[in-house]
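Asks: structure, please.
(one chain, ligands or ions: 2)
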Amino acid sequence: MLERTVFFRSVLEVKSLPRSLAEVVISGRSNVGKSSVINALCLRKNLARISKTPGRTKSINIYSVSKGKWIVDLPGYGFAKVSRYEKELWSKMIESYLIQRESKKMVYIIIDAFVGPTELDFNMVDWLNKLGGISFKIIVNKCDKLHQNISENAIQVRTAKYFDADEAKIFVISAKMRNGLARLRTDVVKFLTS
Ligand SMILES: Nc1nc2c(ncn2[C@@H]2O[C@H](COP(=O)(O)OP(=O)(O)OP(=O)(O)O)[C@@H](O)[C@H]2O)c(=O)[nH]1
Ligand SMILES: [Mg+2]
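Replies: Numbering: from 1, shown residues only. Ligands and ions are numbered 1, 2, ... in the order given. Down below sits the predicted model:
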């Protein structure tokens with residue numbers, strides 16, 4: 001189902017978005033691999049633009065899986081090398097998206113396997129928990145950067161503990177090597193078809 005995904009549009013204003021039937025959201029720190037994960041999920045190379053320089057995805061980029069069924073690529077949070085004004089603009093965009101879009105079914109927060117969860121990731125999870133009513137799951141990306149002798153299961157268990165979350169809500173993947181994607185794909189498709 002995800003193979004036929006096409007770029008839909010890029011927006012700076014949440015208000016300018018039309019209604020949709022269902023949306024899954026990809027969120028995470030700048031450079032963590034949000035766009036790469038979307039490409040990997042959709043079995044594509046260049047659907048979502050991968051940044052050589054972090055902080056590239058400055059707008060909300062929307063990909064249409066089928067009519068009204070979207071994968072949403074949010075701008076990355078916490079990129080150091082932009083002005084405070086720009087940072088605030090991005091966080092406002094992320095927040096208003098998360099607050100306003102009623103058709104979002106799941107927010108996937110990507111964290112970096114090598115770096116581990118950062119304060120910004122914990123802040124995001126705290127914020128979502130406090131807001132309430134927004135379901136989220138965690139994707140641990142860039143697992144190819146870890147030692148081979150750490151099992152995916154161990155990463156899953158550890159990450160669940162960090163975020164005080166159910167292990168079933170953790171996905172351990174490498175967008176680069178295209179590992180661990182089957183379970184994630186099934187999950188995404190479920191939210192876009194139910
Ligand atoms: N080793 C490794 N590198 C990865 C993986 N996924 C993404 N990258 C690299 O990480 C960098 C950032 O990837 P993007 O997909 O552009 O990340 P992003 O989160 O969309 O970045 P912004 O849009 O700038 O916030 C690129 O150089 C990717 O090639 C992975 O699974 N393993
Ligand atoms: Mg990106």
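
Asks: would you tell me whether the longest helix along the chain gets close to ligand 2?
Replies: Longest among the helix segments of the chain by residue count, using DSSP state H, is helix 84-100. No: judged by C-beta under 5 Å from the ion, helix 84-100 makes no contact with ligand 2; its nearest approach is 12.0 Å. Yep, even glycine has a C-beta here, placed from its N, CA and C like the rest.

Asks: buried set for that helix?
Replies: Of all the residues in helix 84-100, those buried under the rule 16 or more other C-beta atoms under 10 Å are 90, 93, 94, 97, 98.

Asks: so is it next to ligand 1?
Replies: No: using C-beta under 6 Å from any ligand atom, helix 84-100 stays clear of ligand 1, coming no nearer than 9.5 Å.

Asks: show me what secondary structure element comes after that helix.
Replies: Of the helices and strands lying after helix 84-100 in sequence (DSSP states H and E), the nearest is strand 104-112.

Asks: contacting residues around the spatially most central residue of the chain?
Replies: In the chain, the C-alpha nearest the mean C-alpha coordinate belongs to residue 26, at 2.2 Å (C-alpha atoms, centre = their mean). Residue 26 makes contacts with 34, 37, 38, 71, 72, 73, 74, 108, 110, as judged by C-beta atoms under 8 Å, 6 or more residues apart in numbering.

Asks: one step back: mind putting the buried residues of helix 84-100 into TSV with pLDDT and distance to residue 8?
Replies: Formatted as TSV, these follow (pLDDT from 0 to 100; distance: C-beta to C-beta, whole Å):
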residue	pLDDT	distance to residue 8
90	81	20
93	89	17
94	90	18
97	95	15
98	94	19
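
Asks: thinking again about what came up before, what's the closest of the contacts of residue 26 to ligand 1?
Replies: Minimum distance to ligand 1 across the contacts of residue 26 is 3.6 Å, recorded for residue 34 (C-beta to the nearest ligand atom).

Asks: list phi and psi for the nearest residue to that closest one once chain neighbours are set aside.
Replies: Counting by C-beta to C-beta, 6 or more residues apart in numbering, the nearest residue to residue 34 once its immediate chain neighbours are dropped is residue 26, at 4.8 Å. Listed backbone geometry of residue 26 is phi -110, psi 120, with angles given as degrees, to the nearest 10.

Asks: which one of the buried residues of helix 84-100 sits closest to residue 19?
Replies: Taking C-beta to C-beta as the measure, residue 19 sits nearest to residue 97 out of the buried residues of helix 84-100, at 14.1 Å.
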